[in-house]
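Visitor: this is a predicted model, with the sequence first.
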There are 4 protein chains.
Amino acid sequence: MAKLGVSVIGGSGYTGAELLRILVRHARVRIRHVTSRELSGTPVSQRLPNLNWLDMQYEMPVPKQLSDSDVVFVCTPHTSSMEIVPEVLEHCRVVDISADYRLADRKLYEEIYEVKHTSPQLKSVYGLPELHRNEIASADLVANPGCYPTGAVLALAPLVRKALIEDDRIIIDAKSGSSGAGIKPTAFTSHAECANAVKPYNVTGHRHIAEIDQELSLVAGKDVRVNFTPHLVPISRGILTTCHTFPTGKVTEDKVRSLFTDFYKDCPFVRIRPEVPDLRGVLGSNFCDIGFSIDARTGRLVVVSAIDNLTKGASGQAVQNMNIMFKLPETLGLDSLGLYP
Amino acid sequence: MAKLGVSVIGGSGYTGAELLRILVRHARVRIRHVTSRELSGTPVSQRLPNLNWLDMQYEMPVPKQLSDSDVVFVCTPHTSSMEIVPEVLEHCRVVDISADYRLADRKLYEEIYEVKHTSPQLKSVYGLPELHRNEIASADLVANPGCYPTGAVLALAPLVRKALIEDDRIIIDAKSGSSGAGIKPTAFTSHAECANAVKPYNVTGHRHIAEIDQELSLVAGKDVRVNFTPHLVPISRGILTTCHTFPTGKVTEDKVRSLFTDFYKDCPFVRIRPEVPDLRGVLGSNFCDIGFSIDARTGRLVVVSAIDNLTKGASGQAVQNMNIMFKLPETLGLDSLGLYP
Amino acid sequence: MAKLGVSVIGGSGYTGAELLRILVRHARVRIRHVTSRELSGTPVSQRLPNLNWLDMQYEMPVPKQLSDSDVVFVCTPHTSSMEIVPEVLEHCRVVDISADYRLADRKLYEEIYEVKHTSPQLKSVYGLPELHRNEIASADLVANPGCYPTGAVLALAPLVRKALIEDDRIIIDAKSGSSGAGIKPTAFTSHAECANAVKPYNVTGHRHIAEIDQELSLVAGKDVRVNFTPHLVPISRGILTTCHTFPTGKVTEDKVRSLFTDFYKDCPFVRIRPEVPDLRGVLGSNFCDIGFSIDARTGRLVVVSAIDNLTKGASGQAVQNMNIMFKLPETLGLDSLGLYP
Amino acid sequence: MAKLGVSVIGGSGYTGAELLRILVRHARVRIRHVTSRELSGTPVSQRLPNLNWLDMQYEMPVPKQLSDSDVVFVCTPHTSSMEIVPEVLEHCRVVDISADYRLADRKLYEEIYEVKHTSPQLKSVYGLPELHRNEIASADLVANPGCYPTGAVLALAPLVRKALIEDDRIIIDAKSGSSGAGIKPTAFTSHAECANAVKPYNVTGHRHIAEIDQELSLVAGKDVRVNFTPHLVPISRGILTTCHTFPTGKVTEDKVRSLFTDFYKDCPFVRIRPEVPDLRGVLGSNFCDIGFSIDARTGRLVVVSAIDNLTKGASGQAVQNMNIMFKLPETLGLDSLGLYP
């Protein structure tokens, strides 16, 4: 069977690395170009310790040379993607892993990312397949969701759609591994500063809030504003998202379980668990595990989701989107199981 | 100056170890006995790698031999303490680190710990000095607080006293190191099962909830029921407690800061920080660092506290209580600074 | 194409879990039985967080029921395997992951493992494909190597075969993750005791020494006795083996590189690296990465190997052996790349 | 009693932070100045999370203003110290924590650090108190040892002095925490790159080798060249040093134990342990724990030492040197015990 021509722009960081880990084993993919301005001319094998046998070199990104590709994954940082995506789109379809096309409200994007959007007119689809599968199938530009929004929205969407919870008392307390901060060394993510710490950051003002609000508002059919606080924990991969919610009426375990099971019945990567998950089941995989617990004393409903921030929270989801865009089986190339223990 | 005679019952676990680490350097303490049923006859130096020079042996616990002690720290597990405390109290004052005398409502204790309380009549004082300093000073039996309640109550008491927040929408999302589970090896806390995970547990039913409710209700002058969820994170020491609260009226940063600063102005171990703390400032120390952030979008007020679960969350606080009970400077022997990095 | 019937005896521990992670994705395998005395009747999905969708139950081990299997992997502890292997061998071929059949000198086994061998007469092949591929192909009973011997023997075999190094001054300093100790909780491997430590253990007397000596002696054609010391480091997976050796004559980087490249030219899982490896390239994969450095001051030649102790060091290698035994491509089902970062 | 005036040049990095952690609790010290070119004007409390109550500001380093100090600790990087030490020495005594004055052979220094030494004529004493206590007492300039040399030399000196081991077959395999690399963020020491790895580096060419050779040669009375390889392990603090040695004659456990016990009988910070140590006993303390094991099969003698790289391996040892220089009790201010667990 014919293979898709696939290229990766910005292939030296963690989302690029994770994409390559997946793509080199994908049965229907031929990798055409992997670009990196900094490492152009360097073998990919030299940069990525797990791909040390791969016979490819980093190239400079040249959009017109991408015409041999059916799809391009753009892994450049926020605000860099929008510089290159319009030109790439002239040659092929795009999955953009940055934040540049995630917010439908481009003005809000400009406010949050403190930059002028240079291609606000481009039409994009928010690439969370569990909510937007059909639109993704026909999209030319898919804006791959952020890692935190993926974990949070999947945990909350079923409840919000049915208006089962107070929508002004949704608390999302997330715990993320250090790879989520990207590959650039910083004081915040250096090993000695993280190894024995749990570090809350952007406690009431993380940029991903707007994405979560956008998607949950869409699901709810009304404005929803969540309360979100992320923490850095000393693991390299994974996001555990603890959602504290308050039902508006009586809920039972059976009712909640049915709700989630039904909502995700056609979603191969969402697993509803009998108990709340931890991260051991999902690391290195594209699964999102979800479980919940009802607080008999206070009525609170706690929903917990677990994802690998680089896989379902970034590059795995990007490949899932590609599969959908090109009518391939949604799980193709994404059959890796969580690395346990 | 005369030294206090001090003994430790149950000196082979983590709270016992931490007590000894502090007591051997305490200028006004002479350690009389360290007991352990399992290790009786074994040198303490053989069990505790950091005290490998200490010239003492574990003994069998024999209450009447404790009459040479002014105070005894009881570090045995829940439900074991109440078997020994009454007899010990005939000879000296007691700081009990177990949960056995923390809940004033002994019936509630019996319900939660699923055991008959064998000495419900004993009068005890809840040993959180920041709330009960005067009663501690004259108490014969101090019930040392649990680790989670210490972090949570200190973060919330000022707000609850002033009724500044909705008291039915208090969410406490806590992250604890593995030493909090005690020294007994379990599948839950084995290294391979924890190293790459964040594990929520007892998501809506942790035993410490009753303590938090008891103390906050006392502070509030009315019934308060908190929403508490603990998580195990891959660090050995420390609890970071993220409290999500919703002010009933308008709050400003200045107002909240003044409130906390005033509330703790005579409390040498509580430090109000300009920003939310992480754990790097408190590990190995008796400090509780507190900071907060106001969510401009939703009104939420997030208060974060950081403690070392074995020090301020257990044995350091026990020594702080001893200092108060015997009119010593509250900080004596507790001047260790956090181990950073 | 017809699939192999495969069963796993002792499927609840870490080597069993890792086997299942690999086997469920192996294109030519049908899993027939997974046994566990302790968990018999329990769904596998309940025990293994990464296989939480798998529709199988643990069964009691009943050898005669294994006649529907072409090959059985035995993952029971040392000294338990030899109780069951003889009977299983009447029905199908066996890859035994325990130590019971690794040492050709069964008397030495009895001495080291302090037990009487109950089936010393069984003929077994040491399952290190890089040294014994042909014998493995026709073996009925393959004794899968220990994790430390795999890392050490692969790093040293080329040098020893050519007698390039002093064979009485071979120092093997190994660093292993905690999963190597197995799933049973112990004080040695509990998280709080490991998280901030590097722990040497069995410093001069680890049981795996005999295996390393056996294989290197075979390669050398003379008796070799290595100096081996293992350390526990706070990671869950992986063994980094640092071999300090002293060349008997002059060696150059080119010469050593050629030697290793030639030696492993037909070995798809051994990668000779331009620099010494660390573990990031191999975790979750079946690769063994090898690199070296020559000490210009002293003449010392340092060879470093990196493996995942559960994959190439145990279950991955077991599947590699199965592939060889059944004339399948050696890499089938073993194409997972290292999880980086 | 009068206090020493003490200043710290370069107080924003890890050795500066550790010095301050110790000095603020030292009964005979008054801190005069803490300098940092980058943070001049910033409160120390803002930079160091564990000293968040300290009422001091970073200043620009101005040597002549240091005349109010009896001793100055210089914590600037290698090659920067020699720019400032000569001028500081005109005003007070100096303990230099950099490498600039450690090597008596200044030419060798220039070769290794690839820089011209600008004050080669300055007389310095190598600040390892266990070997040079008397010279330190009267020195004006003490060159504080490197972290690796401290662990290695203390483990080997007794054996080398008695010529008990082959001096051309000394292998030192060291495992260090990430704080040893300093505070500057790098790709090598970022959390995501370290968390699941053991990373050998400078495998045959680490700069500290010259120091180890210098000191052991001095002890031996002849040239000694060691074989040294360091590894980065995922802990923040601590160095475990495994020394593999080959006795020239017969050694017994008693003989080795007596040798070490005698050698260190007046050394309060060296503890000879019944078994090989791990790091749990020394973290945050100034102790060096040493143990050993004799390999009955090969004759090898393995000596293991454990230190905290920032304390005994840097700033604790610097304070120990200060105590000796000013005739204070050697252990003053250094009574912190290891943080266990």
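Guide: Sure thing, it's come through.

Visitor: how many residues are close by the closest residue to residue A:326 other than its chain neighbours?
Guide: Spatial nearest neighbour of residue A:326, excluding adjacent residues (CB to CB, 6 or more residues apart in numbering or on different chains): residue A:4 at 5.9 Å. Backbone N, C-alpha and C define where each C-beta goes, glycine included. Applying other CB atoms under 10 Å in any protein chain shown, we find 21 residues neighbouring residue A:4.

Visitor: check residue A:194 too.
Guide: Close neighbours of residue A:194, defined as other CB under 10 Å, add up to 30.

Visitor: who are the contact partners of it?
Guide: Applying CB atoms under 8 Å, 6 or more residues apart in numbering or on different chains to residue A:194 gives the contacts A:178, A:232, A:234, D:191.

Visitor: quick one: contacts for the last one?
Guide: In this case it means residue D:191. Per CB under 8 Å, 6+ apart, neighbours of residue D:191: A:178, A:189, A:190, A:191, A:193, A:194, A:195, A:234, A:236.

Visitor: please identify which pair of those lies farthest apart.
Guide: For these, with distances taken as CB to CB, the pair at the greatest spread is A:193 and A:236 (14.5 Å).

Visitor: coming back round to it: just the buried ones from the contacts of residue A:194?
Guide: Buried members of the contacts of residue A:194, counted by 16 or more other CB atoms under 10 Å in any protein chain shown: A:178, A:232, A:234, D:191.

Visitor: could you dump those into TSV with pLDDT added?
Guide: Shown next, in TSV, are the buried ones among the contacts of residue A:194 (pLDDT from 0 to 100):
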residue	pLDDT
A:178	98
A:232	98
A:234	98
D:191	98
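
Visitor: just the ones of those in helices?
Guide: residue D:191 (DSSP state H).

Visitor: helix or strand: which one has residue A:173?
Guide: strand A:171-176 (DSSP states H and E).

Visitor: and the helices in the stretch 51-200 of chain A, which stretches?
Guide: Counting by DSSP state H, counting those that start in this stretch, the segments of the stretch 51-200 of chain A that form helices are A:81-89, A:106-113, A:129-138, A:147-161, A:191-194.

Visitor: which parts of chain A are strands?
Guide: Applying DSSP state E to chain A gives strands spanning A:4-9, A:29-35, A:58-59, A:71-74, A:93-96, A:125-126, A:141-143, A:171-176, A:199-200, A:227-232, A:239-245, A:270-272, A:288-294, A:301-307.

Visitor: so how far is chain B from the residue in chain A sticking out farthest from the centre?
Guide: The centre of chain A is farthest from one residue, residue A:297, which by CA atoms, centre = their mean lies 34.6 Å away. Separation of residue A:297 from chain B (CB to the nearest CB, to the nearest Å) stands at 6 Å.

Visitor: surely that residue and residue B:209 touch.
Guide: Yes - with contact defined as CB atoms under 8 Å, residue A:297 reaches residue B:209; the gap is 7.4 Å.

Visitor: so what sits opposite residue A:199 in the bridge?
Guide: residue A:232 (DSSP bridges).

Visitor: so what pLDDT did it get?
Guide: The per-residue pLDDT reported for residue A:199 equals 98.

Visitor: how near is it to residue B:277?
Guide: Residue A:199 is 9 Å from residue B:277, where distance means CB to CB, to the nearest Å.

Visitor: how about residue A:32?
Guide: Note on residue A:32: its distance to residue B:277, by CB to CB, is 49 Å.

Visitor: more crowded one of those two?
Guide: residue B:277 (26 against 21).

Visitor: which bits of the stretch 101-250 of chain A sit near chain D?
Guide: Contact residues (CB under 8 Å from any CB of the partner chain) of the stretch 101-250 of chain A with chain D: A:177-179, A:181, A:183, A:185-187, A:189-196, A:234-237.

Visitor: switch the strands of chain A over to a markdown table; also include distance to residue C:218.
Guide: Output for these, formatted as a markdown table (distance: least, CB to CB, whole Å):
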| stretch | distance to residue C:218 |
| --- | --- |
| strand A:4-9 | 46 |
| strand A:29-35 | 42 |
| strand A:58-59 | 44 |
| strand A:71-74 | 49 |
| strand A:93-96 | 52 |
| strand A:125-126 | 60 |
| strand A:141-143 | 56 |
| strand A:171-176 | 49 |
| strand A:199-200 | 52 |
| strand A:227-232 | 50 |
| strand A:239-245 | 48 |
| strand A:270-272 | 47 |
| strand A:288-294 | 47 |
| strand A:301-307 | 46 |
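
Visitor: give the contact list for residue A:161.
Guide: Counting by CB under 8 Å, 6+ apart, residue A:161 touches A:219, A:220, A:263.

Visitor: who wins for neighbours among these?
Guide: Neighbour tally across the contacts of residue A:161 (other CB under 10 Å): the maximum, 21 neighbours, falls on residue A:263.

Visitor: I figured residue A:199 was touching residue A:188, is that so?
Guide: Yes - the criterion here is CB under 8 Å, and residue A:199 meets it with residue A:188 at 7.5 Å.

Visitor: between these two, which is the more surrounded one?
Guide: Neighbours per residue (other CB under 10 Å) separate residue A:199 from residue A:188, with residue A:199 holding more: 21 against 14.

Visitor: would you mind measuring from that one to residue B:279?
Guide: Residue A:199 is 8 Å from residue B:279, by CB to CB.

Visitor: report the closest residue of the stretch 151-300 of chain A relative to chain C.
Guide: Nearest residue of the stretch 151-300 of chain A to chain C, counting by CB to the nearest CB: residue A:281, 3.5 Å away.

Visitor: that residue: neighbouring residues, count only.
Guide: Using other CB under 10 Å, residue A:281 has 25 other residues around it.

Visitor: if we can go back for a sec, what is the nearest of the contacts of residue D:191 to residue B:341?
Guide: After measuring the contacts of residue D:191 against residue B:341 - CB to CB - the closest member comes out as residue A:193, at 5.8 Å.

Visitor: mind listing what the closest one touches?
Guide: Per CB under 8 Å, 6+ apart, neighbours of residue A:193: A:187, B:280, B:341, D:191.
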